Each structure stands twice: as structure tokens, then as C-alpha cells.
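**Student:** structure, please.
(chains A and B)
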Amino acid sequence: MSAQLQITNLQKRFGGLVAVNGVSFTLSPGEVVGLLGPNGSGKTTVMNMISGALPCDGGTVQVGGTDITRMKPHKVAKHGVARTFQLVRPLPTLNVAENVLLALAFGKKRHWGREARELVDQKLEFVGLAGRGEEKVGNLTYIDQKRLEMARALASEPDLLLLDEWLAGLNPSELRIGIDLVQHLQGQGMTVLLVEHIMEAVRALCSRCIVMSAGEKIAEGASAEVLRDPAVIKAYLGDDHA
Amino acid sequence: MKTSYAFALAGAALVVLALAPMFIPEYWTGVLLGMTGYVTLATAWALFSGPTRYVSLATVAFFGVGAYTVAVLNEVMPYPLVLLCAAGIGMVMALVVGLSTLRLAGVYFVIFTFGLAELVRQTVSWWEVNVTYTMGRYVFLPFEGRHIYWQLLALAALTFLIAWAMGRSRIGLALKALGDDETVASHAGVDVTRIKLLLFVISSTIITLVGAIQAPRWTYIEPSIVFNPTVSFMTLIMALLGGAMRLWGPLVGAVPLFLLFEWLSVSFPDHFSIILGLLFILIVFVMPNGVLAKIDDLRKGGRA
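**Tutor:** The predicted structure follows:
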């Protein structure tokens, strides 16, 4: 079976700083994979290059066999890649339903009218915001804004979902809800790349992990093994703990 | 149901306004004409600048180009063709300006558009003095005030129709979204550059046509008249007063302000600019989102 996401030898420099250096990995359809690493290791830069927010200095990104390396973000979205943002970014002029409607109207297909409204309700119900479409996004609690962020991403009808620390900042019971939601998606066969610092979530969700440090991939494999890898522990905690 | 009711009401208002010149003195037809011009300018301005929040001061650049097109071409081709040419020139100019500037954000865009208006004015002046050896031009077209007024009224109706349709369309939703956050909009699949360009072109073309239709009104035009930056500022403040994010906002702002300015420019011609400036400051401080939003807030406040 062909890979859902295949990135090959990805490169990114910011001036003299090499932010991402020759990173390659592959996600099979339906896989939920964690992208880990200490702050500044280049995880979000990789996410930004996959989603088209940053141009790549080298390497390729393929989604479902199509090369999307040079595509602008809106084209990437239409090719079935959706993302959430590290800090939630709801659109305040739009209400909750309109935030979701936007991605439906401009995602893979152009949904509009009654059909789109039904799909909005469906997405809102899936993330736990049923019946709250008319609310202003400014009135939502933090977890609800996270839910909205997820609903908007799903409304693009993606084949690949990029979650950039989507679970960060939640309290323990909210975290449980968040993990359940991602597991639910997993059950539906969604391919997910997850940048995450919360190890509880990584263990619960990711069969496989990729670890980055200083712009390079330093480990890849089954989550349990990778998290025991001395090189990974060293990257996170320093030499004394290895 | 509600929509068809609103359409019937708007249609009736349009008929009344169109018949008005038959029953009112010539002077008041002139006032209606000027008012319709500004309502159209403010509504067209808000079509792009309202949701995107790209504050444009280039209004008069397009307005003046429209007027000059008529002045230059009215003797060599039939009038409808002249209008078509004006629209075409406005459209091409908006495309060029849009492609080169819509990457600019915030205050840079404001300054650029202001500079653009000056640039166009100086270029036209230079051309007229050094190439064609004329400083002003005469526009002789067999139009009375009401003829011009009817044309403007039709353009105003068309502008409202476009604004209304836009507000209900995918593009309208995308515009609001990119006004909030261009990055999020683009990751949701919105081709941000293309939509901004599209709306800028539509808005600028309408503004060009307002200038073109009004040209015969002056009979004599020169750069300092048709490229007067006050037009840009008045358009802006009218849209802001009523609320640039709402369909009827610019109308609600344009009508009273036009009447006020008309009265001020007659009664206090020397202090007009000062009063305009003070009003500007007042409106931005007291009602940054416009009268309609303020009324909404007050009503909600009253209920809570």
C-alpha cells in the first residue's frame, strides 16, 4: 500500500541556523504517529513545511502519492491535509458554525447551502459542540476552542491530520476527552501526525514515534522502545540521565 | 420570506428615489445626486475594506481616473462606450495595484494607497502640462442633473446587489475569515491572494464608474478637482460611521454625513477641513465599529 505521507530529506534553514536537516519519514494510511523532541528541535517547522506554511529549502513532501512540496497552504488543504495550530486560532468575526463552514466550503469539496449546514452540525457533534453553532467563539472555554480547532480541521475532510500540540494546556479530565477524540478519529481510519509533549497522550495514541533533536531525526520506532532509547532521553533531559 | 420582503422594500425605495427628480426642485436633485454618489463610493469601499480591514485611501485615484477617462474620450466615442472604457481602465489599474500591494498589511497598505492617489494625480498633471499642453478639460455631454442622478442610482442599486450577494456567498465568508486571520483562512483552503484581488478589483471598478458618471456634472475638470484627497477621507469616514462590516452601514453613515458636509461647506467654507478632521477623530474614538454596531450593543446592554 502506498504511503499516506512521505517526506524525504527535508531541509530548512533560517539564515545561518539549520532548523531541519535531512529529515525523512513515512506514514501509512490509518497510522497515528508522534513527532517528538525538545523545544526548538524543528517539529513545528516540519509541520509548517508539510502544510505549505513554510517553503522547503530541500527535499520533498508527498501526500497519497502526489508531490505537494511547492504547494501553497490553500492547495495543500485541498489535497487532503488539515492542521491545527499550536495556539488555538478561532476566527472571532465568525460564529462557531461559520468557523467550521469555512473549511467545508473551501476544503476538498465545495460544500455550501443546506448540505453544508448538515455537515457543520455533524462535525460539531463529533467534537462535542453540538447545538452551539450560533455562539461567538470569544465565549468558548479553552477546551471548547480546542474542539472548534479540531472541528475546523476535520471540516476540510482531510486524509492526513496534523495536530500541533493540540492537547497542550488541558487539565487531566479535559486531556482524557481530547485523547478519546483522537482515538475516535483513529477508529475511523484517519492518518494523524501528532506533535506532542504529553507522554501520557503519546503512549495512549501513537503506535510509532519519530524523535527530532537539533533539526535531525535521532530515533524512530515503536513508542515504548523509542521512549526508552538513551539517545532520546539524553536529548530531552541531558547527559546525566542517559 | 424575510428576504423577499426586504427586496420589495428596497425596490419600492428605489422607485421613489428614481421618481423624486420629477417632484423636487433642481437644487435638491443635485443634493440627491451627490448623496447617491457617496453612498455608492462608501458601499463599494466597504465591499473590500470592510471585511478585509485593508483600509484603502486610493478611492480618489480610481474616482479621478474615471472622471478623466470621460473627459478625454467623450468627444471621440459614444457615451456608453466611454463608460465601458472607464470601467476597463479602473479594472486593469486595480489588478496592477492589487497584485503589487495586497501583500502589504496594516499601516503599510494605508500609506501605499494614499501615496498611489498622489502619484496618479501628479502623473496626470505632469502629462497634461508637458504632453497635451492643457491644464483643464471640458466635458460637454447633454446631461441634466437628473440624468446623472439616474445613472448613479442604477450603479448604487447594482453595488448593493453585489454586496448583498457577496454577504451570502462562500467568498463573503472567506473575506471575513481572512480579515480575522489570513494564515488560518489559507490553511482552511482559501486562496487568500485571489479573493482579496477579486474584491479589490470589483470595489475599484465601481469607484471608477462613480467618477466617470459624475464627470459631466463638473463641466470643467482638472486634477486638483477630481483627485482631491478629501473624497477618499469622506468615503472612509462615512463607511466607518455606519459600520463597514454591514450591508447598510455605509448608507447609514453616508446620508447624514453628506448632508452635514454639504451644509458645512456652504456655511463654514474656511473651517470645513478642521471640522472634518475633528469628526474623524470623534467617530473613531466613540464608535470604532460604526453606528449600527453601537445600536446593537446598546440594545443588548438594555436587555441584559
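**Student:** how near is the residue positioned nearest the centre of chain B to chain A?
**Tutor:** Computing the C-alpha centroid of chain B and ranking residues by C-alpha atoms, centre = their mean puts B:L41 first, at 1.7 Å. B:L41 sits 24 Å away from chain A, going by C-beta to the nearest C-beta, to the nearest Å. Quick note: C-beta positions are derived from backbone N, CA and C, even for glycine.
**Student:** show me how far the helix or strand encompassing that residue is from its chain's centre.
**Tutor:** Per DSSP states H and E: B:L41 is located in helix B:26-52. The chain centroid and the centroid of helix B:26-52 are separated by 6 Å under C-alpha atoms, centre = their mean, to the nearest Å.
**Student:** could you list the low-pLDDT ranges of chain A?
**Tutor:** Within chain A, the stretches with pLDDT under 70 are A:1, A:239-242.
**Student:** doesn't A:Q145 make contact with A:G169?
**Tutor:** No - counting by C-beta atoms under 8 Å, A:G169 does not reach A:Q145; the two are 10.1 Å apart.
**Student:** my guess is A:C56 contacts A:T69. True?
**Tutor:** Yes - contact criterion C-beta under 8 Å: A:C56 and A:T69 qualify, at 5.8 Å.
**Student:** what does chain B have sitting close to chain A?
**Tutor:** B:51, B:170, B:173-174, B:176-177, B:179-181, B:183-192, B:245 (C-beta under 8 Å from any C-beta of the partner chain).
**Student:** what about the strands in the stretch 151-300 of chain B?
**Tutor:** In the stretch 151-300 of chain B, the segments counted as strands under DSSP state E, counting those that start in this stretch are B:220-221.
**Student:** whoops, chain A was the one
**Tutor:** Taking DSSP state E to define them, one finds strands in chain A at A:5-14, A:17-27, A:32-36, A:58-63, A:66-67, A:81-83, A:160-164, A:191-195, A:208-213, A:216-222.
**Student:** what's the closest of the ones you listed to chain B?
**Tutor:** Nearest to chain B, of all these, is strand A:81-83, at 5.7 Å by C-beta to the nearest C-beta.
**Student:** what helices and strands are in contact with the closest one?
**Tutor:** Using 3 or more C-beta pairs under 8 Å, 6 or more residues apart in numbering or on different chains; DSSP states H and E, the elements in contact with strand A:81-83 are helix A:142-155, strand A:160-164.
**Student:** who's more crowded, A:G169 and A:Q145?
**Tutor:** Neighbours were counted for A:G169 and for A:Q145 using other C-beta atoms under 10 Å in any protein chain shown; A:Q145 has more, 19 against 14.
**Student:** which parts of the helix or strand B:S100 falls within are buried?
**Tutor:** For B:S100, the element it lies in under DSSP H and E is helix B:79-101. Residues B:79, B:82-83, B:85-87, B:89-91, B:93-95, B:97-98, B:101 are the ones in helix B:79-101 that count as buried (16 or more other C-beta atoms under 10 Å in any protein chain shown).
**Student:** touching that helix from outside, list them.
**Tutor:** B:58, B:61-62, B:65-66, B:69-70, B:73-74, B:77, B:109, B:112-113, B:116, B:141, B:196-197, B:200-201, B:203-205, B:207-209, B:211-213 (C-beta atoms under 8 Å, 6 or more residues apart in numbering or on different chains).
**Student:** one more: stretch B:174-191?
**Tutor:** Taking C-beta under 8 Å, 6+ apart as the rule, stretch B:174-191 contacts A:51-53, A:72-74, A:76-78, A:82-83, A:85, A:89, A:91-94, A:98, A:102-103, A:105-108, A:152, A:155-156, B:51-53, B:166, B:192, B:195-196, B:199, B:245.
**Student:** the residues you listed, buried ones only, as a ChimeraX selection?
**Tutor:** In ChimeraX syntax, the buried subset of these is picked out as below (16+ other C-beta under 10 Å):
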select /A:51,52,53,73,74,76,77,78,82,83,85,89,91,93,94,98,102,103,105,106,107,108,152,155,156 /B:51,52,53,166,192,195,196,199,245
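**Student:** tell me how many other residues crowd the residue lying closest to A:G65 once chain neighbours are set aside.
**Tutor:** Counting by C-beta to C-beta, 6 or more residues apart in numbering or on different chains, the nearest residue to A:G65 once its immediate chain neighbours are dropped is A:S2, at 5.2 Å. Counted by other C-beta under 10 Å, the residues lying close to A:S2 total 10.
**Student:** what is the neighbour count of A:V46?
**Tutor:** As a measure of burial, A:V46 has 29 neighbours, counting by other C-beta under 10 Å.
**Student:** count of residues packed around residue 130?
**Tutor:** Picking chain A for this. 11.
**Student:** looking at chain B here, not the other one
**Tutor:** Neighbour count of B:N130, defined by other C-beta under 10 Å: 8.
**Student:** and it, what's its pLDDT?
**Tutor:** The per-residue pLDDT reported for B:N130 equals 90.
**Student:** what do you get for the one 3 residues further on?
**Tutor:** According to the prediction, B:Y133 has pLDDT 85.
**Student:** now do stretch B:78-93, average pLDDT.
**Tutor:** 96.
**Student:** now that stretch, how far from the chain's geometric center?
**Tutor:** 17 Å.
**Student:** hey, C-alpha coordinates of stretch A:92-112 in CSV?
**Tutor:** C-alpha atoms of stretch A:92-112 as CSV (Å, rounded to 0.1, in the frame of the first residue of the first chain):
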residue,chain,number,x,y,z
PRO,A,92,-13.6,35.9,16.1
THR,A,93,-15.7,37.6,13.4
LEU,A,94,-17.3,34.3,12.6
ASN,A,95,-19.5,32.3,14.9
VAL,A,96,-18.8,28.7,15.8
ALA,A,97,-20.7,27.2,12.9
GLU,A,98,-19.2,29.6,10.4
ASN,A,99,-15.7,28.7,11.5
VAL,A,100,-16.4,25.1,10.6
LEU,A,101,-18.4,26.1,7.5
LEU,A,102,-15.4,27.9,6.1
ALA,A,103,-13.3,24.8,5.9
LEU,A,104,-16.2,22.8,4.4
ALA,A,105,-16.7,25.5,1.7
PHE,A,106,-13.1,25.6,0.8
GLY,A,107,-11.8,22.1,1.6
LYS,A,108,-11.6,19.1,-0.6
LYS,A,109,-15.1,19.6,-1.9
ARG,A,110,-17.1,22.9,-2.1
HIS,A,111,-19.9,22.3,0.4
TRP,A,112,-22.5,25.1,0.6
